[in-house]
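Enquirer: coordinates only, sequence not included:
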C-alpha cells in the first residue's frame with residue numbers, strides 16, 4: 001500500500017494538551033503571566049533588549065512601521081521574492097514598497113540589486129531571511145548605514161539561524177518573527193517584534209497593547225484548528241486524507257494548492273482577526289517550545305545533509321547553497337531540478353507531496369502592478385522545488401523521500417541507503 005509524506009510538518013512540544021488544559025483550568029487561556037515571561041525569554045534567547053508579542057508576525061511588522069512614523073510615501077525596499085503580505089502591510093502603513101531582486105542561489109535579497117533600488121525617498125529596508133538562510137547582512141548593513149536607512153529584518157522563516165555566529169534578528173533596528181503553526185517555533189499563531197531602541201520599543205508595545213483581547217472561544221477554535229493541521233500532516237493520516245486528493249489532481253493537472261493559502265488581496269481595512277492581543281496560552285506553549293528549538297533545528301539540519309548526500313549525483317539537481325558564514329535552519333529545503341512540475345506530479349504518485357513555491361514573486365502579482373520591475377533572480381528562484389526535511393520525520397523517512405525524488409527524476413541510483421521498496425514508516 002502507498003504510504004504518504006506531507007510537504008509540511010508541525011512542530012509541537014510534548015504535553016501540549018496538558019499545557020492548554022492547565023491554563024484553561026486556571027482561567028489563563030487569554031490573559032496571564034506567561035506573555036511577559038515569553039517576551040523576556042525571546043529577548044534573552046536573541047540577546048536583544050526588547051520583545052513585544054503580537055497576534056501575527058505581519059502585525060509585528062506593521063506596528064514597527066507605525067512606531068517609526070516614517071513620512072507618508074516614503075519608499076521601503078523589500079525582496080522581489082517574499083510573502084505578499086509584507087509589502088502590502090508596508091503600503092497599508094502609507095509607505096511605497098520597492099522591490100530588489102534576489103540571488104537565485106540563496107533566494108535572498110541581492111546587495112547589488114538593493115543598492116540599485118535605493119532612491120532619495122528610500123527610508124527603510126526589509127531583508128528577508130528566506131527559507132531559513134540568513135541574508136548577506138554585512139553588505140546590507142553597510143549599505144543601510146551609508147544611506148542612513150532603517151533595517152527591519154523579516155525572520156519569519158529563520159528563528160535560530162546565524163550569520164557569522166550572530167542570530168538573525170539582532171542586526172537591524174528591528175525584526176519580526178512568526179509563530180504560525182508551520183514555523184520553526186509554533187504557538188498556533190502569533191508573532192514577535194524585536195526592537196533595539198527603548199523608545200521605539202515602547203511605541204511598538206503601546207500599539208500592540210491597544211488591541212482588544214480575543215474571547216476564549218476564539219482561542220479554543222484556533223487551537224483546535226492547529227491540532228487538526230498537526231494530525232492531518234502525520235503520514236498515517238495524510239495517507240488516507242490529503243494524499244488521495246493530490247494523487248487524483250496529479251492526473252488532472254489540477255492545482256489544489258490554491259486552496260491552502262490566504263487569498264492575495266488588499267488588506268485595507270485590516271481584517272478584524274488581525275487586530276487582537278497575543279494570548280497567555282500561546283505564550284505558555286512558546287516558552288516550552290523554546291527549550292526544544294535548538295534540538296529541532298539540529299534534526300532538520302541533519303535531514304538536510306542526508307538529502308544533500310542522496311541527491312548529490314542526480315543530474316540536473318542543484319541542492320540548497322549555504323555560504324560558509326551562514327547557518328541555515330531549513331524552514332524549507334529548496335532545490336533546482338529538471339522539469340519541476342512534472343517532478344511534482346510524479347512524486348505525488350509515489351506518495352510524496354512536494355511544493356513548488358512557498359512565497360511570492362511580488363513583481364508578478366497584480367496586487368503590486370504599480371510597482372513591477374524586472375527581477376530575473378526572483379523569476380529563476382520561483383522555479384525551485386521544496387522537499388520535506390522537517391524535524392517530525394525520521395532519518396529513514398528522509399531517505400525514503402530522497403529515493404522517491406531520485407526515481408521520479410528517472411534516476412536508478414540515488415545515493416541514499418535503505419533502498420527497499422517499503423514505505424517510509
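Expert: Received the coordinates, thanks. A quick note: this is a predicted structure, and the numbers were derived from the prediction, not measured.

Enquirer: In this structure, where is pLDDT below threshold?
Expert: For the chain, the stretches with pLDDT under 70 are 1-2, 258-259, 411-425.

Enquirer: longest helix of it?
Expert: Ordering each helix of the chain by length in residues (DSSP state H) puts helix 293-311 first.

Enquirer: Hmm, residue 183 is touching residue 155, no?
Expert: No. If you go by Cβ atoms under 8 Å, residue 183 and residue 155 don't touch, sitting 9.9 Å apart. (C-beta placed from N, C-alpha, C; glycine too.)

Enquirer: The two: which is more packed in?
Expert: The neighbour comparison of residue 183 against residue 155 (other Cβ atoms under 10 Å) goes to residue 155, with 31 against 22.

Enquirer: Need the residues that contact the longest helix of the chain.
Expert: Applying Cβ atoms under 8 Å, 6 or more residues apart in numbering, the contact partners of helix 293-311 are 11, 45, 159-160, 184-185, 317, 319-320, 328-330, 333, 335, 387, 389-391, 393, 395, 398-399, 401-403, 405-406, 414-416.

Enquirer: and if we set it to 7 Å?
Expert: 11, 159-160, 184-185, 317, 319, 329-330, 333, 335, 387, 389-391, 393, 395, 398-399, 402, 405-406, 414-416 (Cβ atoms under 7 Å, 6 or more residues apart in numbering).

Enquirer: For it, what is the distance to the chain centroid?
Expert: Centroid separation between helix 293-311 and its chain, computed with Cα atoms, centre = their mean, to the nearest Å, is 17 Å.

Enquirer: quick one: buried residues of that helix?
Expert: For helix 293-311, the neighbour count (16 or more other Cβ atoms under 10 Å) marks 293, 296-297, 299-301, 303-304, 306-311 as buried.

Enquirer: same question, stretch 255-273
Expert: Residues residue 267 are the ones in stretch 255-273 that count as buried (16+ other Cβ under 10 Å).

Enquirer: Compute the first-to-last residue distance for that stretch.
Expert: Counting by Cα to Cα, to the nearest Å, you get 28 Å between the two ends of stretch 255-273.

Enquirer: for stretch 324-341, same thing?
Expert: Stretch 324-341 has an end-to-end distance of 31 Å (Cα to Cα).

Enquirer: Buried residues of that stretch, list them for me.
Expert: 326-337, 340.

Enquirer: And the contacts of it?
Expert: Contacts of stretch 324-341 (Cβ under 7 Å, 6+ apart): 107, 131-134, 157-158, 160-164, 184, 297, 300-301, 304, 307, 311, 316-320, 322, 343, 356, 358, 383-387, 389, 409.

Enquirer: List the contacts of the residue nearest the centre of the chain.
Expert: The centroid of the chain falls nearest to residue 157 when counting by Cα atoms, centre = their mean (3.3 Å). Shown in contact with residue 157 (Cβ under 7 Å, 6+ apart): 129, 130, 131, 132, 331.

Enquirer: Residue 359 versus the residue nearest to it when sequence neighbours are not counted, what's the distance?
Expert: Spatial nearest neighbour of residue 157, chain neighbours left out: residue 331 (4.0 Å); criterion: Cβ to Cβ, 6 or more residues apart in numbering. Between residue 331 and residue 359 the computed distance is 11 Å (Cβ to Cβ, to the nearest Å).

Enquirer: what do you get for residue 70?
Expert: From residue 70 across to residue 359, the span is 24 Å (Cβ to Cβ).

Enquirer: re earlier: toward the C-terminus, what is the element adjacent to the longest helix of the chain?
Expert: Later in the chain than helix 293-311, the nearest helix or strand by DSSP states H and E is strand 326-327.

Enquirer: and that next one, which strands flank it?
Expert: Next to strand 326-327 in the sheet, as set by DSSP bridges, lie strand 162-163 (antiparallel).

Enquirer: sorry, back to before: counting neighbours, go ahead and name the busier of residue 70 and residue 359.
Expert: A side-by-side neighbour count of residue 70 and residue 359, using other Cβ under 10 Å, places residue 359 first with 22 against 18.

Enquirer: isn't that one right up against residue 83?
Expert: Yes. Applying Cβ atoms under 7 Å, one finds residue 359 in contact with residue 83, separated by 5.0 Å.

Enquirer: Is the residue nearest to residue 157 part of a helix or strand, or is it coil?
Expert: Secondary structure assignment for residue 331 (DSSP: H, G, I helix; E, B strand; the rest coil): coil.

Enquirer: Report the separation between it and residue 148.
Expert: 32 Å.

Enquirer: Next: residue 164.
Expert: Residue 164 is 23 Å from residue 148, by Cβ to Cβ.

Enquirer: So which of these two has more stuff around it?
Expert: residue 164 (12 against 8).

Enquirer: Now the residue lying closest to that one once chain neighbours are set aside. Its backbone dihedrals?
Expert: Counting by Cβ to Cβ, 6+ apart, residue 325 is the residue found nearest to residue 164 once chain neighbours are left out, at 4.9 Å. Dihedral angles of residue 325 (phi, psi; degrees, to the nearest 10) stand at phi -80, psi 0.

Enquirer: can you check residue 334 too?
Expert: Torsion angles, degrees, to the nearest 10, at residue 334: phi -110, psi 120.

Enquirer: if I pick the nearest residue to it once chain neighbours are set aside, what's in contact with it?
Expert: The shortest distance from residue 334 to any non-neighbouring residue, by Cβ to Cβ, 6+ apart, is to residue 384 (4.3 Å). Going by Cβ under 7 Å, 6+ apart, residue 384 touches 334, 335, 336.

Enquirer: how far away is residue 384 from residue 78?
Expert: Going from residue 384 to residue 78 by Cβ to Cβ gives 19 Å.

Enquirer: burial of residue 410, as a residue count?
Expert: When counting by other Cβ under 10 Å, one arrives at 13 neighbours for residue 410.

Enquirer: To clarify, my last question referred to residue 145.
Expert: The number of residues near residue 145, taken as other Cβ under 10 Å, comes to 10.

Enquirer: Make sure I have this right: it is in a helix.
Expert: Yes. Judged by three-state DSSP, residue 145 forms part of a helix.

Enquirer: Out of the buried residues of stretch 324-341, which two sit at the greatest distance?
Expert: 327 and 340 (27.0 Å; Cβ to Cβ).

Enquirer: Which of the three states applies to residue 99?
Expert: Applying three-state DSSP to residue 99 yields a three-state assignment of strand.

Enquirer: Next up, the contacts around it.
Expert: Counting by Cβ under 7 Å, 6+ apart, residue 99 has contacts 78, 79, 80, 362, 363, 371, 373, 375.
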